[in-house]
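Student: show me how the following folds:
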Amino acid sequence: MYKSKTCGELTAQDAGKTVTLAGWVHRRRDHGGLIFIDLRDRFGVTQIVFNPQTAPAAHRVGSDARNEYVLQATGVVAKRPAGQENPALATGEIEVYVTDAQILNAAKAPPFVINKNEDVDDSLRLTYRYLDLRRERMQQNLILRHKVIKFMRDWLDAHGFIEIETPILTKSTPEGARDYLVPSRVHPGEFYALPQSPQQFKQLLMVAGYERYFQIARCMRDEDLRADRQPEFTQLDLEMAFVEQEDVLNLVEALFTDLVHTLAPERTMQTPWPRMTYDQALARYGSDKPDLRFGMELTDVSDLAASSEFAVFKNALRAGGQVKGVRLPGCAEYSRRELDALVDLAKTKAAKGAVTIALKADGVHSSASKHMTPQEQQAYVERLGGQSGDLMIFVADSHAVVAAALGALRKEMGARLKLADPNALALGWVIDFPMFEWNAEEKRWDAAHHPFTSPKPEDMALLDTDPGAVRANSYDMVCNGYELASGSIRIHNRELQAKIFSLLNIDAERQRLRFGHMLEAFEFGAPPHGGMAPGIDRFVAILRNEDNIREVMAFPKNQWAQDLMMHAPSDVDADQLKLLHLEIAPPKP
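Tutor: Model prediction:
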């Protein structure tokens with residue numbers, strides 16, 4: 001062994017012991033005689049001291065060492081002099097007087113500072129990810145990720161679950177996102193797909209009788225990237241047989257509540273978690289993944305607008321839409337430019353515009369004052385609970401556009417006004433989602449969740465008469481404005497599954513080709529079952545207050561799905577393409 005102790009475990013009780021440490025030079029300070037080096041490994045930092053009088057050969061090693069050199073040092077542990085302790089270090093009571101040392105490997109000057117948490121260009125960090133991962137922030141992120149996954153495994157094992165791996169090379173089936181395809185060498189012209197999720201396999205495991213399955217599952221989706229999305233990600237995949245929705249929600253809520261109390265006891269969390277329907281979430285927050293750490297709820301003023309002569313409001317109501325508003329505390333003095341920016345944000349969500357009412361010290365100021373009487377404006381102010389200094393903003397349009405526009409404004413202003421407690425974890429459930437979404441472009445129904453989701457039993461009759469009114473037996477786990485998980489009670493009956501496929505415009509032949517294995521399995525005694533798949537990357541990022549899930553992944557891709565360190569994706573040799581029966585088509589002119 002190169003070390004007898006780690007750089008994070010020595011205390012005053014070790015004084016007088018001879019130890020050997022090994023790690024990286026974190027900081028070096030030459031005091032013109034004594035040389036002090038903070039030696040770092042994954043477990044912590046220990047100050048080691050090189051004295052030219054007592055250990056001249058070791059001192060020469062300390063003189064040559066520089067930041068990020070790999071160093072081994074043997075010496076005697078001593079208490080630091082009174083008043084020179086470092087309370088910021090777990091080892092701050094002691095230092096090690098080096099008697100022997102050697103440089104195990106020299107290091108070039110790194111392209112960015114490693115011993116400080118300074119801002120570094122993301123491309124540079126990803127290019128030298130192995131150096132970025134040395135930084136304390138990144139190590140703490142990945143250590144917490146490890147603890148979260150270990151807690152999940154231990155907790156689920158204690159609750160009767162077994163971990164089963166499912167294939168990475170599988171069949172391409174339509175599940176929402178684009179598949180990553182892998183060409184087959186031995187079956188020319190045929191392809192495997194990388195799994196978007198283990199959805200079908202975990203259901204088949206229920207048919208196989210395992211009853212409680214989980215997996216720390218790697219999933220791949222060829223999607224456009226954003227802060228909470230990567231082409232490959234990790235989820236806690238779990239499925240249970242002989243359960244209803246309440247069973248799944250209660251178990252997952254208990255798991256994550258215990259996890260937070262154990263691994264992040266400093267975080268505040270409401271228990272039991274609040275629940276709301278999909279319709280309630282859109283009505284109150286304009287989002288199906290609302291940030292519940294602050295209020296600023298949307299307010300319906302359609303009844304007031306119905307008696308108004310303001311054409312914008314009346315036309316929206318005539319078309320079957322609505323008028324809603326949100327109160328922005330303390331924003332009455334926003335400039336014209338700032339108000340225009342808010343209106344432009346609403347327009348990015350398809351709104352045609354927005355109306356503002358500001359309660360300033362000298363009275364009410366509205367962008368629609370020419371079209372509203374003072375009494376009308378006052379009625380809107382009172383409905384929203386406006387107070388002096390507040391700004392109110394209204395959108396009139398279809399229900400979907402109003403929700404999207406005001407939801408975006410609420411999210412933006414909640415962040416801008418710092419309304420959310422950064423220490424809070426606002427976990428909650430959104431239930432009763434629509435079963436189908438109408439695809440206007442292709443004039444057909446799409447599954448709002450996935451095609452294996454069961455309808456609510458009480459809505460089953462609507463499948464034949466009004467599919468758009470059918471609610472799914474599905475549920476989402478939300479936290480701080482993010483969707484952390486989706487799940488559902490699954491279909492376990494062949495006839496119902498075939499009927500849902502037909503509603504999704506998948507004819508009998510395509511059902512056989514794509515999902516024949518599922519339909520046949522349901523004929524062999526499939527139990528009622530359901531589950532969900534919380535995203536581990538997103539959850540750890542929230543626990544660490546990171547805005548991007550890249551910060552809790554060891555080797556992520558950039559926003560263009562590139563690995564800058566490995567230079568992937570990359571060209572492959574013509575011989576490899578020939579072996580796979582592939583040719584690269586020339587780019588279109």
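
Student: for the rest of this, base every contact and every neighbour count on C-alpha atoms.
Tutor: Will do.

Student: which regions of this structure lie under the pLDDT threshold?
Tutor: Per-residue confidence for the chain (pLDDT under 70) gives these ranges: 174-176.

Student: packing partners of the helix ranked longest in it?
Tutor: Scanning the chain for the longest helix, with DSSP state H as the assignment, gives helix 136-158. Helix 136-158 is packed against helix 245-263, helix 536-543, with contacts defined by 3 or more C-alpha pairs under 8 Å, 6 or more residues apart in numbering; DSSP states H and E.

Student: ok, and for that helix, which residues are buried?
Tutor: Using 16 or more other C-alpha atoms under 10 Å as the test for burial, helix 136-158 gives 137-142, 144-145, 148-149, 151-153, 155-156.

Student: same deal with stretch 70-87?
Tutor: Neighbour counts over stretch 70-87 (16+ other C-alpha under 10 Å) mark Val70, Leu71, Gln72, Ala73, Thr74, Gly75, Val76, Val77, Ala78, Lys79, Arg80 as buried.

Student: how long is it end to end?
Tutor: By C-alpha to C-alpha, to the nearest Å, the extent of stretch 70-87 from end to end equals 25 Å.

Student: equivalent analysis for stretch 382-389, please.
Tutor: Span of stretch 382-389 from end to end, C-alpha to C-alpha: 14 Å.

Student: what does stretch 459-466 give?
Tutor: By C-alpha to C-alpha, the extent of stretch 459-466 from end to end equals 10 Å.

Student: ok, and what's touching that stretch?
Tutor: With C-alpha atoms under 8 Å, 6 or more residues apart in numbering as the test, stretch 459-466 has contacts from Ala469, Val470, Arg471.

Student: for the stretch 151-300 of the chain, just list every one of the strands.
Tutor: 162-163, 181-183, 191-193, 212-220, 232-241, 275-277, 299-300 (DSSP state E, counting those that start in this stretch).

Student: pairing partners for the first one, with directions?
Tutor: Translated: strand 162-163. strand 212-220 (parallel) (DSSP bridges).

Student: coming back round to it: let's have the strands of the stretch 151-300 of the chain in CSV, adding mean neighbour count and distance to Ile393.
Tutor: Below are the strands of the stretch 151-300 of the chain laid out as CSV (neighbours: other C-alpha atoms under 10 Å; distance: least, C-alpha to C-alpha, whole Å):
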stretch, mean neighbour count, distance to Ile393
strand 162-163, 16, 50
strand 181-183, 16, 47
strand 191-193, 17, 47
strand 212-220, 21, 40
strand 232-241, 22, 38
strand 275-277, 16, 25
strand 299-300, 19, 10
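
Student: out of these, nearest to Asp38?
Tutor: strand 232-241 (35.4 Å; C-alpha to C-alpha).

Student: now the helix or strand containing Arg327 - C-alpha only, PDB.
Tutor: Using DSSP states H and E, Arg327 sits within strand 322-328. Output of strand 322-328 as PDB, limited to C-alpha atoms (Å, rounded to 0.1, in the frame of the first residue of the first chain):
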ATOM      1  CA  GLN A 322     -60.400  32.500 -20.200                       C
ATOM      2  CA  VAL A 323     -58.800  35.500 -18.500                       C
ATOM      3  CA  LYS A 324     -56.400  35.000 -15.600                       C
ATOM      4  CA  GLY A 325     -53.900  37.100 -13.800                       C
ATOM      5  CA  VAL A 326     -51.000  36.800 -11.400                       C
ATOM      6  CA  ARG A 327     -49.800  39.300  -8.800                       C
ATOM      7  CA  LEU A 328     -46.100  40.300  -8.800                       C
END
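
Student: could you list the domains of the protein?
Tutor: 12-105, 138-275+427-574, 294-416 (automatic domain parsing).

Student: and the end-to-end length of the second one?
Tutor: What that stands for is domain 138-275+427-574. Termini of domain 138-275+427-574 sit 39 Å apart (C-alpha to C-alpha).

Student: same question for the first one.
Tutor: Taking C-alpha to C-alpha, the first and last residues of domain 12-105 lie 30 Å apart.

Student: same check, this time on the last one
Tutor: Counting by C-alpha to C-alpha, the length from the leading to the trailing residue of domain 294-416 is 13 Å.

Student: circling back: among the contacts of stretch 459-466, name the buried ones.
Tutor: Val470, Arg471.

Student: returning to what we had before: return the most buried member of the helices and strands packed on helix 136-158.
Tutor: helix 536-543 (a mean of 23; mean count of other C-alpha atoms under 10 Å).

Student: sorry, back to before: let me know the closest of the contacts of stretch 459-466 to Ala57.
Tutor: Nearest member of those to Ala57, counting by C-alpha to C-alpha, is Arg471, at 76.8 Å.
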